[in-house]
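1. Below is the sequence, then the predicted model.
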Amino acid sequence: MISTEHRHCQKNARVFKTRVESVNTLTDDLFILYLSGFPKDFASEPGMFLHLKVAPDEHPLLRRPFSIQSYNEGTAAILIREVGAGSRILHHLQPGDEVDTLGPLGTTFPKIGKDDSVLMVGGGVGVAPLIACCHDADPGSHVDFCYGVRSENEVQGVEPFIGDRGPVHIHLSSDDGSVGYQGFCTDIASNLLEERSYTKIFTCGPWIMMAKTARLAIQKEIPFFASLEVQMGCGLGACLACVYESTDGDFIRSCIDGPVVNGHDVVWERE
């Protein structure tokens, strides 16, 4: 039977004010937001997210969910792509600005133990929770990280957070061929699966990438965990704005049943 164990950390969620330490622009639309001022007992685990109110008024009204890329000494790093009004406001915040923050929220990826060999497949800002997994991995484990980007300039700002460090081995792909393999990171993952045995597969990123990864995991019958990227309303499971269809005919609420879920429970093929 495929293991479904992963950790849930919703019970410690609360609302508080964080402060902007800095905003590091990586490309025209990609940046890292650094926040500090977290409660002393705040703790983050790989896969968890923050729900940010991006403006003090009601424009925009809804909070935005963002995975925590790293959390060290009271400062969180959040990788964000500017795609609309909310992320645009965050991109133009200044040091010292306050952000209304709800968290920590969500389920987490399983711990990577010393006997684990893990295949990670990430694309775009979906790389953020996987970076957190890399930092949390046991030094005795083995991690192959297949990371897909549009072009080389996206890698330059993010790669220092990953690095070929300890058990982590990076395999880059790019759409334009400017860095690594030209093509899809799932192609690299498919080849690695023919060369090595893995105890788990983790993924986060564009839906089509995760669906391809799911097919590989199902074919090889490997425990598979996916962090579902989706816009949310309340973040607390009440509004049902972030649901995915599950294989048992029910629905998965990404905010509280996820974002990290057993990938074998998700209906990946869409009509």
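-> Received it, and whenever you're ready, just let me know what you need.
2. would you list every one of the helices in the stretch 151-271 of the chain?
-> 152-162, 185-195, 207-220 (DSSP state H, counting those that start in this stretch).
3. Let me have those in JSON lines, extended by mean neighbour count.
-> All C-beta atoms are positioned from the backbone trio N, CA, C, and that covers glycine. Formatted as JSON lines, those follow (neighbours: other Cβ atoms under 10 Å):
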{"stretch": "helix 152-162", "mean neighbour count": "17"}
{"stretch": "helix 185-195", "mean neighbour count": "17"}
{"stretch": "helix 207-220", "mean neighbour count": "19"}
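4. check which helix or strand covers the residue nearest to the spatial centre of the chain.
-> Centroid-nearest residue in the chain, with Cα atoms, centre = their mean: residue 129, separated by 3.2 Å. In this assignment (DSSP states H and E), residue 129 forms part of helix 127-136.
5. hmm, back to that, in space, what's closest to the residue nearest to the centre of the chain - neighbours in sequence excluded?
-> residue 67 (4.3 Å; Cβ to Cβ, 6 or more residues apart in numbering).
6. And for residue 226?
-> residue 263 (4.2 Å).
7. now do residue 185
-> residue 148 (3.4 Å).
8. repeat for residue 103
-> residue 50 (4.0 Å).
9. what's the following helix or strand after the helix or strand hosting that neighbour?
-> With elements taken from DSSP H and E, the one containing residue 50 is strand 49-53. Next in sequence after strand 49-53, counting helices and strands by DSSP H and E, comes strand 64-67.
10. So what are the sheet partners of that next one and their directions?
-> strand 49-53 (antiparallel) (DSSP bridges).
11. Format the CA atom coordinates belonging to the partner strand as CSV.
-> C-alpha atoms of strand 49-53 as CSV (Å, rounded to 0.1, in the frame of the first residue of the first chain):
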residue,chain,number,x,y,z
PHE,A,49,2.4,28.8,3.5
LEU,A,50,1.4,32.3,4.6
HIS,A,51,-1.8,34.0,3.7
LEU,A,52,-1.0,37.7,3.1
LYS,A,53,-3.3,40.7,3.1
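12. So, low pLDDT: which residues of the stretch 1-150 of the chain?
-> Low-confidence segments of the stretch 1-150 of the chain (pLDDT under 70): 1-11.
13. ranges for the helices of it?
-> 85-91, 127-136.
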